[in-house]
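Peer 1: only geometry, no sequence info:
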């Protein structure tokens with residue numbers, strides 16, 4: 001063994017531990033080194049404090065004065081829920097994982113006078129909402145509940161509520177059973193009613209009951225029934241007897257189960273509806289008017305929509321637009337069944353129609369005009385499509401185009417036909433009536449082609465269809481070059497001294 005007297009530790013045992021300054025421990029922590037001065041990374045003081053600059057490893061740790069010995073750290077993988085004891089400490093990751101799982105699984109239950117609810121604590125916020133004069137406002141950690149609007153309303157109406165509370169309580173039964181009428185609001189010199197909303201309202205049940213509301217009031221109900229109401233001649237809005245309902249001013253009604261809406265309407269019929277201004281339904285059961293100045297006179301199941309339309313003796317008919325009319329006064333059939341759509345159309349007859357503007361259909365039955373200012377008459381089945389077409393006599397006329405003159409059982413196509421070009425029928429030679437006519441006029445009437453009837457036998461003579469080209473006689477040319485020089489295009493017809501030719505080159 002080496003002697004220590006007069007020698008430094010480093011000169012004897014290099015492995016011995018010492019303070020860094022080789023002086024005794026004190027209250028100030030001193031670094032511990034070996035005999036050669038190599039630092040151990042540990043500091044000690046006389047109060048028992050230990051300061052390690054690196055990892056401190058232990059099997060157990062115990063707090064002085066507490067009967068608790070810690071022998072484990074719990075990480076996230078271990079899970080706090082799996083280590084419910086007093087001998088372990090959790091890491092921050094383990095704590096966060098446990099809190100996240102616990103909060104996610106928890107809800108805050110809520111309930112009111114009626115109903116229940118829940119708030120998901122990690123994704124939802126508890127709402128406190130106001131209504132009926134109560135408002136709420138959330139700011140930072142406080143929720144303010146404001147009832148000032150409700151308070152103002154209560155204070156404003158306190159005297160009215162107090163004054164009438166006794167009457168309301170005492171007369172509950174009378175209100176339910178009263179049959180002589182109930183007046184809400186001022187009875188003279190002011191509004192009869194302001195704004196009221198009801199779930200279900202029954203007027204009637206016993207005679208002499210009525211509901212009257214002036215123009216200033218608004219009445220809202222989900223269900224309305226009117227029976228046996230007292231008839232009134234007043235000009236205000238009213239419900240009157242036999243199921244009639246009037247809403248508006250200056251209504252004139254009679255009959256039963258009809259409805260009038262608007263101003264200055266007349267509804268003298270059963271099961272009829274009129275809406276708008278200045279309309280009139282007279283003796284027209286199951287009819288309908290909407291608009292202004294329309295009239296249905298003795299036209300059951302009639303419909304008029306628009307302005308100044310008129311149905312007269314025209315059952316099951318329809319007018320839509322402005323100033324259209326259907327007059328069945330001269331029709332012998334029991335059901336007219338005609339229609340007019342557009343402006344200024346006039347229909348006389350049954351099962352007929354006018355669509356467009358200013359058409360006149362005077363055909364006794366099955367007359368149809370589509371377009372503008374077409375004029376058709378006759379006894380049956382005449383058609384006009386286009387503008388300014390006309391056929392006043394006969395039947396089976398078909399006109400498609402403009403400014404055409406129709407003819408019985410004839411199809412006329414084009415624009416401005418020349419009726420003088422129609423050949424005079426000679427059935428003894430097989431030349432019958434014209435059945436197809438093509439007009440090509442612009443400023444003046446002009447006819448390009450006529451086709452006469454064929455296939456029939458009249459007085460023993462077969463009628464053979466003729467194709468007539470009224471203008472072909474004017475195109476007498478020697479050959480194709482001559483025809484080309486005179487305006488005949490390739491494929492055009494011409495003739496040379498009566499021989500019909502087609503220009504090919």
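Peer 2: Received it, and whenever you're ready, just let me know what you need. Since the model is a prediction, treat every value here as computed from it, not as a measurement.
Peer 1: contacting residues for residue 311?
Peer 2: With contact set as Cβ atoms under 8 Å, 6 or more residues apart in numbering, residue 311 has these partners: 284, 295, 296, 297, 299, 302, 304, 317, 319, 325, 326. Yep, even glycine has a C-beta here, placed from its N, CA and C like the rest.
Peer 1: starting from the helix or strand containing it, tell me which strands it pairs with and how they run.
Peer 2: Element membership for residue 311 (DSSP states H and E) is strand 310-312. The partner list of strand 310-312 in its sheet, established with DSSP bridges, is strand 295-297 (parallel), strand 325-327 (parallel).
Peer 1: what pairs with the helix or strand following the first one, parallel or antiparallel?
Peer 2: Toward the C-terminal end, the helix or strand that comes next after strand 295-297 (DSSP H and E) is strand 303-307. Taking DSSP bridges as the criterion, strand 303-307 sits next to strand 288-292 (parallel), strand 318-322 (parallel) in its sheet.
Peer 1: these into TSV, with extra columns for distance to residue 384, mean neighbour count and mean pLDDT?
Peer 2: Below are the strands paired with strand 303-307 laid out as TSV (distance: least, Cβ to Cβ, whole Å; neighbours: other Cβ atoms under 10 Å; pLDDT from 0 to 100):
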stretch	distance to residue 384	mean neighbour count	mean pLDDT
strand 288-292	27	21	96
strand 318-322	18	22	97
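Peer 1: what's the closest of these to residue 397?
Peer 2: Of all the strands paired with strand 303-307, the one in closest proximity to residue 397, counting by Cβ to Cβ, is strand 318-322 (24.6 Å).
Peer 1: still on that earlier bit, make CSV from the strands paired with strand 303-307 and add distance to residue 364 to it.
Peer 2: Supplementary listing: the strands paired with strand 303-307 in CSV, determined by distance: least, Cβ to Cβ, whole Å:
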stretch, distance to residue 364
strand 288-292, 27
strand 318-322, 19
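Peer 1: tell me which of those strands lies nearest to residue 361.
Peer 2: Nearest of these to residue 361, taken as Cβ to Cβ: strand 318-322 at 12.6 Å.
Peer 1: what lies in contact with that closest one?
Peer 2: Contacting residues not belonging to strand 318-322 are listed as 294, 302-311, 325-326, 339-345 [Cβ under 8 Å, 6+ apart].
Peer 1: repeat that for stretch 110-119.
Peer 2: The set of residues that contact stretch 110-119 without belonging to it, under Cβ under 8 Å, 6+ apart, is 107, 108, 109, 125, 126.
Peer 1: circling back: quick check: which of the strands paired with strand 310-312 is nearest to residue 133?
Peer 2: strand 295-297 (51.3 Å).
Peer 1: that older thread, ok, of the contacts of residue 311, which one's closest to residue 80?
Peer 2: residue 304 (83.7 Å).
Peer 1: that closest one touches residue 292, doesn't it?
Peer 2: No - assessed by Cβ atoms under 8 Å, residue 304 is found out of contact with residue 292, at 10.5 Å.
Peer 1: between those two, which contacts overlap?
Peer 2: Contacts common to residue 304 and residue 292, judged by Cβ under 8 Å, 6+ apart, are residue 279.
Peer 1: can you give me the helices for this structure?
Peer 2: Using DSSP state H, the helices assigned to the chain run over residues 92-105, 148-170, 172-177, 480-485.
Peer 1: could you list the low-pLDDT ranges of this protein?
Peer 2: Low-confidence regions of the chain, defined by pLDDT under 70, span residues 1-12, 103, 105, 158-243, 333-334.
Peer 1: make it 50
Peer 2: Along the chain, the model assigns pLDDT under 50 to residues 1-2, 178-181, 186-187, 190-193, 208, 214-216, 227-237, 240.
Peer 1: for residue 366, give me its contacts.
Peer 2: Counting by Cβ under 8 Å, 6+ apart, residue 366 touches 351, 352, 380, 381, 382.
Peer 1: and the third one, bridged to which residues?
Peer 2: Spelled out, it's residue 380. Beta-bridge partners of residue 380, counted by DSSP bridges, are residue 395.
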